[in-house]
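Asker: Here is the input, now give the coordinates:
(chains A, B, C and D)
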There are 4 protein chains.
Amino acid sequence: MIYFNCDYNEGAHPAILHKLLETNMEQTIGYGEDAYCAQAAEIIQKLCKKEDAAVHFVVGGTQANLTVIDAALRPYQGALCAVSGHINVHETGAVEATGHKVLALPHRDGKITAAQVAEAMEKHLTDASAEHTVQPKLVYISSPTEFGTLYTKVELEALHETCRRYGLYLFLDGARMSYGLAASGNDVTLPVLADCCDVFYLGGTKCGALFGEAIVITNPELKQDFRYMIKQKGGMLAKGRLLGIQFLELLKDDMKLYLDLAEHADRLADRIRAAIRKKGFELVCENTTNQIFTVLPVDGVRALSEQFALSPDQMMDENHQMVRICTSWATKEEDVDCLIREMEQI
Amino acid sequence: MIYFNCDYNEGAHPAILHKLLETNMEQTIGYGEDAYCAQAAEIIQKLCKKEDAAVHFVVGGTQANLTVIDAALRPYQGALCAVSGHINVHETGAVEATGHKVLALPHRDGKITAAQVAEAMEKHLTDASAEHTVQPKLVYISSPTEFGTLYTKVELEALHETCRRYGLYLFLDGARMSYGLAASGNDVTLPVLADCCDVFYLGGTKCGALFGEAIVITNPELKQDFRYMIKQKGGMLAKGRLLGIQFLELLKDDMKLYLDLAEHADRLADRIRAAIRKKGFELVCENTTNQIFTVLPVDGVRALSEQFALSPDQMMDENHQMVRICTSWATKEEDVDCLIREMEQI
Amino acid sequence: MIYFNCDYNEGAHPAILHKLLETNMEQTIGYGEDAYCAQAAEIIQKLCKKEDAAVHFVVGGTQANLTVIDAALRPYQGALCAVSGHINVHETGAVEATGHKVLALPHRDGKITAAQVAEAMEKHLTDASAEHTVQPKLVYISSPTEFGTLYTKVELEALHETCRRYGLYLFLDGARMSYGLAASGNDVTLPVLADCCDVFYLGGTKCGALFGEAIVITNPELKQDFRYMIKQKGGMLAKGRLLGIQFLELLKDDMKLYLDLAEHADRLADRIRAAIRKKGFELVCENTTNQIFTVLPVDGVRALSEQFALSPDQMMDENHQMVRICTSWATKEEDVDCLIREMEQI
Amino acid sequence: MIYFNCDYNEGAHPAILHKLLETNMEQTIGYGEDAYCAQAAEIIQKLCKKEDAAVHFVVGGTQANLTVIDAALRPYQGALCAVSGHINVHETGAVEATGHKVLALPHRDGKITAAQVAEAMEKHLTDASAEHTVQPKLVYISSPTEFGTLYTKVELEALHETCRRYGLYLFLDGARMSYGLAASGNDVTLPVLADCCDVFYLGGTKCGALFGEAIVITNPELKQDFRYMIKQKGGMLAKGRLLGIQFLELLKDDMKLYLDLAEHADRLADRIRAAIRKKGFELVCENTTNQIFTVLPVDGVRALSEQFALSPDQMMDENHQMVRICTSWATKEEDVDCLIREMEQI
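Answerer: The predicted model follows:
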């Protein structure tokens, strides 16, 4: 079985494991206060051109999302989010479990717009019974989105401007950050993100590390006591250096490893997309990152599933099913050759 | 100004206040363990033909909703609910503040169907990543709904049957219960509710009392330790007898006062609906309880608003606005005459 | 049976009920935005000599406590409190249910000192693993305390000063406020409270009203969006005017009714205390409000319990038991005569 | 600087890292549903002689504690725990953040007794206002405790029996499990734990792994839907196999590596304890695991701190301070030689 179902089927890029081995017997203090975490944080600050950004490392994305959101909101406030957003559909109510409502907005290819945010705020501000409703205070987006699409610089700047106008925080979930940074057509860089977002994170888990997400806080209001929040929510790793070392390895030399791994995945995904187009199958949305959403005949899905683990999604009609195909930093060229060959047989 | 904006503009029916005065200097034990609460509970058990139902009194609807739902659910479970449901839109995230997601379903005239519930459950049960989503465990409905419509006996039985099949609790918010019981065409009685619902409540606040809701729990799983829940959530009234006395007065003699007050309101609402139809204005939905949703020309809304407090809702187009008009147990016949006269002038 | 077990055995002072009757059929807008609430708030601002204080009315003490504390704290912060404090022992974990730890300190006669608060803060601030502990951010006290004792002006000023030094909020639970204001030896007035506390409340439930507590917020940081908090926690009464009317009646004419009722109760309690001293029984603590904690022989407790409902507490040894005796605004002189006579027989 | 301040200064035992490298490029499904986790779970079931135990892996101890406790309790229930217990003092209120009160009991050398639990339950069951207090439902203990002491088989059986009698869950935090299993005088085995506890966990983080705790649930009531809980609380590792592989390596061949590493640490701690006794310094409590609590002259602490990182604790008097000294699986024999030499110089 060849896995194209997600981008976390393997361990970590070997360079990371070797670094963990190399540093294994060093003694460091715990909980992310070691020199490796400090170095990794400094690199991230420089990459973002925000030397006063606060950088924190946590093990996974759900922790990052729930900790940031609970830290940012007062009890009666909620998070605006695409109805397809990860926190709305795939975290078992982790945000609600901290007491906050996710305020879902319709999405287009996984994205929401500044205009939608403005509309939601105008509705709230002009509602005579606003006090009886949840007050929107944070906008949660992800880029790449759940559909593998990307926000453009213009879209992010518009969201930033709208958030600033209405006193909202903009929070970007970058669990698949590297696949976005390396994607063809992408015009969003880390400094752009750092300028537009109050807080965002760079994913490690899906981008070549064993695990780990690097949270970057640029808004001073959100920096205070953030480590208390991490500890309370169970996100503070005793051997915090494991996170520092991994991000150091990924991000050193101008994010070389981070970008190389993502470029590999994106290029392979481009090849699969080309094959889908050539074959005449539908792409659910146009995108350039490592996730592909396509609609295939059910017997094609069945045939492919004998050799490949795909990620089946909803039935479009009786005879067609949406499937997600993922490449990753670890995907092999020959496995893509093989997938394309089999798709051509459908 | 004459208020038609809601059904809680006045105090209580005078008979209730007189009963409070009459019993005022009696000494009773606190927290709802007095003889008045016991009598009121017994009357409710008999009215429901469920002598083993647990009956609890709380001050208001938000308390009733959040306490019942938090008592019923484990941390990862959520409540299915019409997107227009009170807990989804008008309680400032009270349910989410207890840690639970409200799982919103599309509604029709404020109602959801057994088929929608079944579909949501099938989706969850066949979802390969169900563990990454909130598990539906309770269905929240209200009758009368937010739109003043009623569930029929057939609809409730279908919901009951579906809930039983999928192991869901059915919870009915009866904040406006009396207006439903007294409505023309209604075929749902308290015994029907007690048979169909695991838990429901009879509203007092909007139905003639100063305040208060009577929660009826028929499912033994939900009975245990419910008073701990009420106390923790701030819903346990020190002078609990105030609730018992009020419900006694409303419900004694086969709910005479409760039904009389509601019949009065429903009949006056019928008069207003007839006038709206005659005039040719749109009724947003057909219903027979004390709330009326209609679409009026904006200049008509403006004209009416000089004498009457209505409850303006969304703009339908540039020139038309939805408004809610409410009657209540306290609405005066002559005020309705006056409203109808003015509507005819539009 | 004559009840001396608590101070909420009766309804409300008749003047309040009559006022409710008198205003009963007036139409007002809901949720505490009516003119009665506005007037009551204004009176309280004047009594406190803080015209910019925010005043909010809620139904009960648990609601007041949990709403204030959850509004004041970020998720990782907790409330310092006497181990005997109401929120620590008698609210079924209502504060913890909002996510916050109650940080219990040893008490003396129900009170904690500025020195204890300073010590707790120094410990936190010098703790190398402070981030692994709950950060104290609010000091909760009650006056009268659970033991009926009072904070003096000097003690309150010291707490205020210490809280200010460490960036803590001082929150005073005044559920039995009037009994303190009227007590012999009391030197704390409403302006003193308003100067010393960031937030406090004047009790109604135990002081002559049917129910209700008036929350006074003097610290601007705590004022923002407080009505959202009240709504979310289930404390917003639909017919909010019931709270305004009751407090108006109690507090008009320089708190005449509020103080008269309390003086009555305190004086009767003084008579009982004198009888206890004369008889040679132990008073658990010296105090001048309406609660009396004494230690009686068990056969005396048994004998008294035939005629009087007392509030039995812990066994001190095999033959002696602590009991609480409460007077209230509604206690009758002749019932006290009778109790004293029976105590003399022990 | 040589670190004796805690037992998580290094990475993992090299055998674990090599296993991670060896398996690194295998493709497995995520979230702990892979074959490595299944094998590790099976080994644990066999070691516990409980083939139907549910085994789950999470990244850290705080996650294990908060997830188990929130899964086990209804909203108004709390956890009995030594006042020194980790959840009470060192998790930034993580348990309270899930809504539950920690009910602290006095401890002796970090332990609580069955008699204390019974006393707390009798107090609750005979309390006339029990509904106004948090209902104890779970007993949390750790072994080794925060003081490095161990529960004996007799003590655990008594706790088990008492918990069963009162309907309480017994939950044992085994973050330092291996150091206990390998300690001289220990008479508690995994089957004993599995018989006595409703749920417990075997620590990895402090016992030779990079990170990870293995939760073992023996009580069927606690098994249901536990993976939903893990996901919601942020404890579900995408690359779950990292946990399975580590525990496999530690626990295979009858826990050979797990026990060998702990025996090494315990023996070195015994050497340090012998040196302390010989020198005449006080041991805060008698124990045989890898933590040592001793009281040293402050100038001695100062002198040692030039070469060694110790864990300073409270001042006992002006001239004496408590310090914690920790050995671990990674501590070097020669570093202990050096520490002992320096201690002799004090």
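
Asker: Tell me how many other residues crowd residue A:171.
Answerer: Residue A:171 sits with 29 neighbouring residues when counted by other Cβ atoms under 10 Å in any protein chain shown. The way it works is simple: take the backbone N, C-alpha and C, and place the C-beta from them, glycine included.

Asker: mind checking the SS state of it?
Answerer: Of the three states, residue A:171 takes strand according to DSSP: H, G, I helix; E, B strand; the rest coil.

Asker: what bridges to it?
Answerer: residue A:140, residue A:199 (DSSP bridges).

Asker: isn't it right up against residue A:70?
Answerer: No: Residue A:171 lies out of contact with residue A:70 (Cβ atoms under 8 Å); the separation is 11.7 Å.

Asker: need the strands for the stretch 151-300 of chain A, in chain order.
Answerer: A:169-173, A:199-203, A:213-217, A:282-283, A:291-297 (DSSP state E, counting those that start in this stretch).

Asker: How about the third one and chain C, touching?
Answerer: Okay, so that is strand A:213-217. No: applying Cβ under 8 Å from any Cβ of the partner chain, one finds strand A:213-217 out of contact with chain C, separated by at least 14.8 Å.

Asker: Which elements pack onto that strand?
Answerer: helix A:35-48, strand A:54-58, helix A:61-72, strand A:199-203 (3 or more Cβ pairs under 8 Å, 6 or more residues apart in numbering or on different chains; DSSP states H and E).

Asker: how about a cut-off of 10 Å?
Answerer: helix A:35-48, strand A:54-58, helix A:61-72, strand A:169-173, helix A:190-196, strand A:199-203, helix A:226-232, helix A:241-279 (3 or more Cβ pairs under 10 Å, 6 or more residues apart in numbering or on different chains; DSSP states H and E).

Asker: Kindly calculate the angle that that strand makes with helix A:61-72.
Answerer: Orientation note: strand A:213-217 sits at an angle of 20 degrees relative to helix A:61-72 (axes from the mean of the first three to the mean of the last three Cα atoms, to 10 degrees).

Asker: next one: the second one
Answerer: Angle between the axes of strand A:199-203 and helix A:61-72 is 170 degrees (criterion: the same axes, to 10 degrees).

Asker: Would you mind listing the buried residues in strand A:199-203?
Answerer: Using 16 or more other Cβ atoms under 10 Å in any protein chain shown as the burial criterion, the residues of strand A:199-203 that qualify are A:199, A:200, A:201, A:202, A:203.

Asker: Out of the helices and strands packed on strand A:213-217, the one nearest residue B:25 is which?
Answerer: When the helices and strands packed on strand A:213-217 are compared by Cβ to Cβ, helix A:61-72 sits nearest residue B:25, at 49.1 Å.

Asker: got the buried residues for the next helix or strand after the closest one?
Answerer: Later in the chain than helix A:61-72, the nearest helix or strand by DSSP states H and E is strand A:77-82. Within strand A:77-82, the residues that count as buried by 16+ other Cβ under 10 Å are A:77, A:78, A:79, A:80, A:81, A:82.

Asker: filter the residues you listed down to the ones close to chain B.
Answerer: Contacts with chain B within those, as defined by Cβ under 10 Å from any Cβ of the partner chain: A:77, A:78.

Asker: can you list the buried residues of strand A:77-82 in CSV and add distance to residue D:56 and pLDDT?
Answerer: Listed next are these as CSV, based on distance: Cβ to Cβ, whole Å; pLDDT from 0 to 100:
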residue, distance to residue D:56, pLDDT
A:77, 33, 98
A:78, 31, 98
A:79, 28, 98
A:80, 34, 98
A:81, 29, 98
A:82, 31, 98
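
Asker: Among the buried residues of strand A:77-82, which one lies nearest to chain D?
Answerer: Closest approach to chain D among the buried residues of strand A:77-82 (Cβ to the nearest Cβ): residue A:79, at 16.0 Å.

Asker: The closest one contacts residue A:101, correct?
Answerer: Yes: with contact defined as Cβ atoms under 10 Å, residue A:79 counts as touching residue A:101 (7.7 Å).

Asker: Pick out the residue nearest the middle of chain A.
Answerer: Central residue of chain A (Cα atoms, centre = their mean): residue A:175, 2.4 Å from the mean position.

Asker: Please name the residues that touch that one.
Answerer: Applying Cβ atoms under 10 Å, 6 or more residues apart in numbering or on different chains to residue A:175 gives the contacts A:7-8, A:60-62, A:64-65, A:86, A:142-144, A:146, A:201-207, A:213, D:238.

Asker: element containing the residue in chain A sticking out farthest from the centre?
Answerer: What lies farthest from the middle of chain A is residue A:128; by Cα atoms, centre = their mean that is 36.7 Å. Assigned by DSSP H and E, residue A:128 belongs to no helix or strand.

Asker: Would you list the phi and psi of it?
Answerer: With angles defined as degrees, to the nearest 10, residue A:128 sits at phi -60, psi -30.

Asker: Please verify my assumption that it contacts residue B:311.
Answerer: Yes: with contact defined as Cβ under 10 Å, residue A:128 counts as touching residue B:311 (8.7 Å).

Asker: any shared contact partners between those two?
Answerer: What both residue A:128 and residue B:311 touch, as defined by Cβ under 10 Å, 6+ apart, is the set residue B:5.

Asker: how about the residues of the stretch 201-346 of chain A near chain C?
Answerer: A:224, A:225, A:226, A:227, A:228, A:229, A:230, A:231, A:232, A:233, A:236.
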